[in-house]
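Asker: pasting the structure only:
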């Protein structure tokens, strides 16, 4: 036998030996569902006991999230939810809606909008805005344009 043949046979033998050792070890450590359930129950009990010891209260597994009740809501009625990475999101139940931008006339009444047109045929009043909305430009360079 030449060197190449011996090298190939040796490599195959080592590969088969390694494969048989690894596959045999994997089957020895397989757990049944019953064994896994015992481990899961033990870990859950340990976490509940640790939570009771550290926080001095009964464990509460209910996740905190948006809720219509401000006392139960994660935003606590502020309308803002601080996410895990630090950014802030609006609460779907308690977010503060900005006032709509509405133009009013000094002669507005509670029942009519600008009574000048029916009375005089035209309105010469100065219009005022009821909210402070800022216009946003695509580029800060053109801000206010």
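Answerer: On my side now, so go ahead. Owing to the predicted nature of the structure, the values given are computational and were not obtained by experimental measurement.

Asker: Okay, strands next: where are they in the chain?
Answerer: 80-82, 88-90, 103-105, 127-129 (DSSP state E).

Asker: Is it correct that residue 93 is in contact with residue 65?
Answerer: No - with contact defined as C-beta atoms under 8 Å, residue 93 does not count as touching residue 65 (10.3 Å). Glycine gets a C-beta too; all of them are placed from N, C-alpha and C.

Asker: Spit out the residues that contact these two alike.
Answerer: In terms of C-beta atoms under 8 Å, 6 or more residues apart in numbering, residue 93 and residue 65 are both contacted by the residues residue 73.

Asker: Check which residues of the top helix by length along the chain are buried.
Answerer: Identified as the longest helix of the chain according to DSSP state H is helix 3-28. By neighbour count on 16 or more other C-beta atoms under 10 Å, the buried set for helix 3-28 is empty.

Asker: Spatially, and excluding backbone neighbours, which residue is closest to residue 94.
Answerer: residue 79 (4.4 Å; C-beta to C-beta, 6 or more residues apart in numbering).

Asker: Identify the residues contacting the one you found.
Answerer: If a contact means C-beta under 8 Å, 6+ apart, then residue 79 has 90, 91, 94, 95, 96 as its contacts.

Asker: Just to check, the second one is in contact with residue 66?
Answerer: Put plainly, it is residue 91. Yes - under the criterion of C-beta under 8 Å, residue 91 lies in contact with residue 66, with a separation of 5.7 Å.

Asker: Are there residues contacting both of the two? Which ones?
Answerer: Common neighbours of residue 91 and residue 66 (criterion: C-beta under 8 Å, 6+ apart): 73, 74, 75, 81.
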